[in-house]
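Asker: coordinates for the following, if possible.
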Amino acid sequence: MHATPSPARVAVVGGTGWIGRHLLAAFAARGHDVLALARNNAPHVPASAFRRLDLTSAGPARIAALLHRERVGVVVNATDGANANDGWDRTDEEMARTNVHAVEDLLAALARLPRPPRLIQLGSMHEYGPVPDGTLMDESLVPAPVNTYTRSRLAGTDRVLTAARSGTADALVLRLANVCGPHPSPAAFLGKLLQRLRTATEEGSPTVLTVARSARRDFVDVRDVSRAVVLAAASSVSGRVVNIGSGTATALPDLVGLLVSIAGPPAGLVAQRLAPVPGLGGDWMRVDNRLAADLLGWKPEIALRTSLEDMWRAR
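Answerer: Below you'll find the model as predicted:
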């Protein structure tokens, strides 16, 4: 009789961030031993589950040594050049360092190992660039990013796909829609919005929220994202891109209005000002989830209202 293999040890690079914390919880709930790899630890990560690693400066040899020493079987790269610690206003060189060169070093590290871990790379739907309103965005779209951030994200995706298709990595890329849910990054749109609403309701201070008038975006709950990553890690699919989203395009004024209603400030305390607001891509995003269902058996389960309610209540 053959013994049932234990779940692989999972290392989440960027595990102290917003998505990272949910990834650690999702993998741990399924019996995996988990590690958060990041420059600095966070209060929600036990010291025993943290290993210090700066992916942008460690180099392939140190990365490989750490993964080998910790007997890691799956690596999830949840890093992003635009993040709460470093901010969103970054130079081309800074974006490339995290979103491209660090990915190259990670791939080189994996190639050094006798039994390379499986890699799940988290990308962004914004890599596709603007699309016409009404487009159901599937994986056949040709990416056409329009700014430094999205071009660097696409370059990182391309590095992973090239390695996987050449046989030097066992890797899959998940392109994520806009993420919502508990504990958003304070640098993200929803994190900033949440803080503005908390201040307004707790201090009774009036506030005006500037919201993109015409934008309709796909918002997917961070726990649904985490479940998709767990399924991707367990799958045998490699060298592919899979889009992950709710499948619904929500007008940003409606999203903000829903969160305001959940927060429940006194009448007249919070107002919206509709205006053109620059974004990472176009004004439209609606994800086609059919490939995720076919390849991973995944579909979104958490409704937007539930996601925003949980986000508001989480402390």
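Asker: C-alpha from now on. contacts and neighbour counts both.
Answerer: OK.
Asker: the stretch 101-250 of the chain: strands as residue ranges?
Answerer: Counting by DSSP state E, counting those that start in this stretch, the stretch 101-250 of the chain has strands at residues 118-124, 171-176, 178-180, 207-212, 216-217, 219-221, 241-244, 250-251.
Asker: quick one: closest of the ones you listed to residue 49.
Answerer: Closest to residue 49 of the strands of the stretch 101-250 of the chain is strand 118-124 (C-alpha to C-alpha; 19.1 Å).
Asker: pLDDT below threshold where in this structure?
Answerer: 1-6, 82-90, 277-281 (pLDDT under 70).
Asker: which helix in it has the most residues?
Answerer: Longest helix of the chain, by residue count under DSSP state H: helix 148-165.
Asker: pull the CA coordinates from that helix and hand them back as CSV.
Answerer: Taking C-alpha atoms only, helix 148-165 is exported to CSV below (Å, rounded to 0.1, in the frame of the first residue of the first chain):
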residue,chain,number,x,y,z
THR,A,148,4.7,51.6,-17.1
TYR,A,149,3.0,49.5,-14.5
THR,A,150,1.0,47.3,-16.8
ARG,A,151,3.8,46.9,-19.3
SER,A,152,6.1,45.7,-16.5
ARG,A,153,3.4,43.3,-15.3
LEU,A,154,3.0,41.8,-18.8
ALA,A,155,6.8,41.4,-19.1
GLY,A,156,6.8,39.4,-15.9
THR,A,157,4.0,37.2,-17.2
ASP,A,158,5.9,36.7,-20.4
ARG,A,159,9.0,35.6,-18.6
VAL,A,160,7.0,32.9,-16.7
LEU,A,161,5.2,31.7,-19.8
THR,A,162,8.5,31.4,-21.7
ALA,A,163,10.1,29.4,-19.0
ALA,A,164,7.1,27.1,-18.7
ARG,A,165,6.8,26.5,-22.4
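Asker: list the contacts of that helix.
Answerer: 81-82, 92, 95-96, 99-101, 103-104, 107, 121, 123-124, 126-127, 129, 143, 145, 169-173, 238-240, 280-281 (C-alpha atoms under 8 Å, 6 or more residues apart in numbering).
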